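Trainee: got a structure for you, letters missing:
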């Protein structure tokens with residue numbers, strides 16, 4: 001491992017961490033509650049959902065970095081994947097509300113851990129499907 005390799009690891013890691021922060025911040029703007037405040041108060045449903053979403057997005061970033069030759073390409077793949085997951089989450093939650101009378105967002109906010117686990121696992125499954133295409 002030479003200096004150039006070490007430097008590239010540092011740059012890719014820093015950019016990846018910043019990108020994850022930005023994506024999770026954008027995601028928090030669309031939730032009907034404050035993720036970090038709910039985590040602070042001990043809401044395990046919100047915590048579970050947040051951790052699974054972070055893991056899913058981190059996995060996508062990991063695979064996109066591993067398959068990309070350029071940093072900008074990896075960033076674009078991660079951003080596009082985030083948008084795909086965001087749209088799929090909205091559609092799935094709408095379908096579950098309509099056909100199964102299951103409101104994942106409200107149940108998660110109300111502290112029902114199963115709801116948070118279900119909502120977060122949708123992101124994990126989406127991440128696995130997306131990364132299979134990379």
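Mentor: Perfect, I can see it now. Everything numeric in this text was worked out from a predicted model, so none of it was measured.

Trainee: may I see the buried residues of the longest helix along the chain?
Mentor: For the chain, the longest helix by residue count, based on DSSP state H, is helix 71-100. Residues of helix 71-100 classed as buried: 74-75, 77-79, 81-82, 85-86, 88-89, 92-93, 96 (neighbour count, 16 or more other CB atoms under 10 Å). In this view, the C-beta of every residue, glycine as well, is placed from N, C-alpha and C.

Trainee: where does residue 32 land in three-state SS?
Mentor: At residue 32, secondary structure determined by DSSP: H, G, I helix; E, B strand; the rest coil is coil.

Trainee: isn't it right next to residue 107, touching?
Mentor: No - with contact defined as CB atoms under 8 Å, residue 32 does not count as touching residue 107 (11.8 Å).

Trainee: give the rounded mean pLDDT of the longest helix of the chain.
Mentor: Helix 71-100 comes out with an average pLDDT of 94.

Trainee: can you name every helix or strand that it contacts?
Mentor: helix 3-29, helix 44-67, helix 104-109, helix 113-132 (3 or more CB pairs under 8 Å, 6 or more residues apart in numbering; DSSP states H and E).

Trainee: sounds good, over and out.
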